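> structure for the following, please:
(4 chains)
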Number of protein chains: 2
Amino acid sequence: MKDKKVDIIAVAKAARVSPSTVSRSFNHPELVKASTRKKIDTAVRRLGYIRNRAAQTIHGIRSGTVGLIVPTVDHAIFAELIQSFSEAIEELGFTILLASHGYDLQREYAITRKMLEHRVDGMALIGIEHEAETFGLLDSQNVPTVLLWNYAKTSHFTSVGSDNFRAGWLVGHHIGGLKHTRIAGLFPPLSGNDRAAQRRAGVETALAAFGVQIPEIWDIETPYSLGAAKDAVTRLMSREVTPTAIICGNDVLAWGALHALSKAGVTVPEDVSVTGIGDFTGSRDFEPGLTTVRIPARQIGAKAAQTIASKITAPDQEVASTLVIPELVLRQTCAVFSEK
Amino acid sequence: MKDKKVDIIAVAKAARVSPSTVSRSFNHPELVKASTRKKIDTAVRRLGYIRNRAAQTIHGIRSGTVGLIVPTVDHAIFAELIQSFSEAIEELGFTILLASHGYDLQREYAITRKMLEHRVDGMALIGIEHEAETFGLLDSQNVPTVLLWNYAKTSHFTSVGSDNFRAGWLVGHHIGGLKHTRIAGLFPPLSGNDRAAQRRAGVETALAAFGVQIPEIWDIETPYSLGAAKDAVTRLMSREVTPTAIICGNDVLAWGALHALSKAGVTVPEDVSVTGIGDFTGSRDFEPGLTTVRIPARQIGAKAAQTIASKITAPDQEVASTLVIPELVLRQTCAVFSEK
DNA sequence: AATAGTATTGCAAATGTTTTCATTTACGGC
DNA sequence: GCCGTAAATGAAAACATTTGCAATACTATT
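Model (predicted):
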């Protein structure tokens, strides 16, 4: 095929109008006569013309993209969030630029920069805490930004998320209320992850009110993976003295714990209670159903999309942060402590 | 702050050189004197200049973006794929434009269009089969494209994936070889999903060789979700006559089946054998470990990234499709059929 | 100190659009 | 058929870059 580049000028020629008119027929169709519009449409179709957003963006017109940077895609947590965010933001006419930084906030900065080069209309980051540099960049470029997943009354940018401290507090309070005293904690690495750190703090605070705490030997840090959690709990349960409750930083770790206990022949919740945080898809249908704290990822994603869209379209209007309240979901993995 | 827009001209002024030199110092640094480059760098830093890729793209320079369209993000399958693809493609200097179509190939077309408007340098789609329109679009725009997940010797574009027919065949063969005859099939909806359809066909073919087939009443179609699968299997097992093996179209459905069986007090694999396909993270550590077929998502993602990158950088060079061979992973959910 | 050759730099055109402003066209009333 | 007004269109400037070509500034020779 004679692949003459088809630009707006080629279309204009084919439709026997000026480029201006073609442009107008896209951007302000009401300004061009219906018959002309039809001619143009025909030409567009015939030539297979596709608009060039790069050329538009140059005019200060919005690029129609929103940057989303997550720690990683393949944790159930974020997958759900990304999905709902992307659905909602597409609905609003934007496309997502996605990248992951693997919990390395320095990389997050680099990626942010790259996204700004692409002139994204807005940015969404996971978590409240980020490098000062990153915030500075976003500030200086004046890019509408939303912080996801974690809520804070006062954060550098508008936040949409849950109260992770409270989420942790809820499980701590629940387990404490069930009279457990020999409690293990299973958390992912806390560095670069303000969500996990806050949950952790919430758990400790709640437990402290019962005069209980997680002893150091049962304070386990494990990579965010089902397998790692399973191994850790298997080791944990093979020791001389074992806990009667295991509080997990999130549902995936809890699943791992549950599998480990099942394998070890320990019955849940009679022998050991287990809690998660997140209420990921699957936790409800796990057997036994996981007692956890619901943090509605889909809701956060959808709300975040709206929030950022309105920040983009009405930059001057202050938009409030959204707190999605976490709630305890009682299922079958917890029981009152009883000495055997 | 006096937010005078900082463009390349502002930088040039600040560094007391011409815009051309600034541009060159970015794109062909070897052509500009080291001392000049330093002056420019300083100016860039001081002004907080960020390059505008839109303005570059207009010159036919690559946009540095690759479009990735998946059916949905929040299935374990794709999350893993997206993660590995994105890691690898970032490494190669590209950024991902991500969107999901929810198994609606018509939407896929629309999204493809949108991505072309953004002048992505390449595209990656899931599956071999797509609307003729979509292919036409990609062809006419001459965009390097890779088809993921499913392999075919002969496909419209280069493919990187596994042989899903064979994956299905493997489980069918395995179950058939274990002498099962009362077999149920649990598959996701097949429309718009060539992967599932092929697995399905593979299973049937293998089973047929043993003279067995999945009877219609046990041929169950269920949404891709753990909960739906669990419910379906719960119903299945509450009937008069029950199967001795359940072949699932993927691991998530198998997990659901396993939970359902556990709840029903049916022991696996003694009473019922279960198989998955995919070997998602978690299947190994499930208790009991799920017998499944490994389709290495990470490998596919990484290879796909390389493939598309080389298609982009060397457009004339033909690149071959990659077949990632699926292999049966024997764990603890299958046993020889024995009449009780 | 002049010359040739090379390394740097600047000028200006080009990229694919949008938009302002001016011009042309169409329409309704006389 | 003419006029005034409103609707539709076109011309040209603007957007932020890159790049081919020409001009200038060095360097090493002689």
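> can we go C-alpha only for contacts and neighbour counts from here?
Noted.
> so where do the strands sit in the stretch 51-200 of chain A?
Secondary structure of the stretch 51-200 of chain A (DSSP state E, counting those that start in this stretch): strands at A:65-70, A:95-100, A:122-126, A:145-150, A:158-162, A:183-187.
> who's in contact with A:Ile96?
In this structure, A:Ile96 makes contact with A:Thr65, A:Val66, A:Gly67, A:Leu68, A:Ser86, A:Ile89, A:Glu90, B:Leu97, B:Leu98, B:Ala99, judged by Cα atoms under 8 Å, 6 or more residues apart in numbering or on different chains.
> try 6 Å this time
By Cα atoms under 6 Å, 6 or more residues apart in numbering or on different chains, the contact list for A:Ile96 reads A:Thr65, A:Val66, A:Gly67, B:Leu97, B:Leu98.
> so the third one bridges to which residues?
For A:Gly67, the beta-bridge partners are A:Leu97, A:Met123 (DSSP bridges).
> doesn't A:Met123 make contact with it?
Yes - applying Cα atoms under 6 Å, one finds A:Gly67 in contact with A:Met123, separated by 4.6 Å.
> got the residues of the stretch 51-200 of chain A near DNA strand D?
Residues of the stretch 51-200 of chain A lying close to DNA strand D (Cα under 7 Å from any atom of the strand) are A:Ala55, A:Ile58, A:His59, A:Gly60.
> out of those residues, which end up buried?
The neighbour-count test (16 or more other Cα atoms under 10 Å in any protein chain shown) marks A:Ala55, A:Ile58 as buried among these.
> residues near A:Phe280, how many?
Look at A:Phe280: counted by other Cα atoms under 10 Å in any protein chain shown, it has 21 neighbours.
> show me where the stretch 151-300 of chain A has its helices.
According to DSSP state H, counting those that start in this stretch, the stretch 151-300 of chain A carries its helices in the segments A:164-177, A:194-209, A:226-237, A:251-264, A:297-313.
> residues touching the third one, excluding its own?
Think helix A:226-237. Here helix A:226-237 makes contact (Cα under 6 Å, 6+ apart) with A:Val252, A:Leu253, A:Gly256, A:Ala257, A:Ala260, B:Gly282, B:Asp285.
> if any of these are buried, put those into a PyMOL selection.
PyMOL command restricting these to the buried ones, with burial defined by 16+ other Cα under 10 Å:
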select buried, (chain A and resi 252+253+256+257+260) or (chain B and resi 282+285)
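> OK, contacts around A:Leu68?
A:Leu97, A:Leu98, A:Met123, A:Ala124.
> just to revisit the earlier point, got CSV for the residues of the stretch 51-200 of chain A next to DNA strand D, with pLDDT too?
Converted to CSV, those look like this (pLDDT from 0 to 100):
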residue, pLDDT
A:Ala55, 95
A:Ile58, 92
A:His59, 91
A:Gly60, 88
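> can you list the buried residues in stretch A:22-37?
By neighbour count on 16+ other Cα under 10 Å, the buried set for stretch A:22-37 is A:Val22, A:Ser23, A:Ser25, A:Thr36, A:Arg37.
> run through the residues of the stretch 51-200 of chain A sitting next to DNA strand C.
So the stretch 51-200 of chain A meets DNA strand C at A:Arg51, A:Asn52, A:Ala55, A:Gln56, A:Ile58, A:His59, A:Ile61 (Cα under 7 Å from any atom of the strand).
> identify, from these, the entry nearest to B:Trp218.
A:Arg51 (50.1 Å; Cα to Cα).
> mind checking if stretch A:317-333 is in reach of chain B?
No - Stretch A:317-333 does not reach chain B (Cα under 6 Å from any Cα of the partner chain); its nearest approach is 12.1 Å.
> related to what we said a few turns ago, quick one: which of the contacts of A:Leu68 is most hemmed in?
The most crowded member of these, judged by other Cα under 10 Å, is A:Ala124 (26 neighbours).
> got a pLDDT number for A:Ser84?
The model reports A:Ser84 with a pLDDT of 96.
> I misspoke; the intended subject was A:Arg107.
The pLDDT attached to A:Arg107 in the predicted structure is 96.
> got JSON lines for the residues of the stretch 51-200 of chain A next to DNA strand C, with distance to B:Arg119 too?
Formatted as JSON lines, those follow (distance: Cα to Cα, whole Å):
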{"residue": "A:Arg51", "distance to B:Arg119": "9"}
{"residue": "A:Asn52", "distance to B:Arg119": "7"}
{"residue": "A:Ala55", "distance to B:Arg119": "10"}
{"residue": "A:Gln56", "distance to B:Arg119": "12"}
{"residue": "A:Ile58", "distance to B:Arg119": "14"}
{"residue": "A:His59", "distance to B:Arg119": "16"}
{"residue": "A:Ile61", "distance to B:Arg119": "16"}
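> show me which of those residues neighbour chain B.
Within the set of these, contact with chain B (Cα under 6 Å from any Cα) is found for A:Arg51, A:Asn52, A:Ala55, A:Ile58.
> from those, which is closest to DNA strand D?
Closest approach to DNA strand D among those (Cα to the nearest atom of the strand): A:Ile58, at 5.1 Å.
> residues in contact with A:Pro223?
A:Pro223 sits next to A:Pro188 when contact means Cα under 6 Å, 6+ apart.
> could I get the phi/psi values of it?
Main-chain dihedrals, A:Pro223, degrees, to the nearest 10: phi -60, psi 150.
> repeat for A:His75
Dihedral pair for A:His75: phi -100, psi 130, per degrees, to the nearest 10.
> that one - how many residues pack around it?
Other residues lying near A:His75 total 17 when counted by other Cα under 10 Å.
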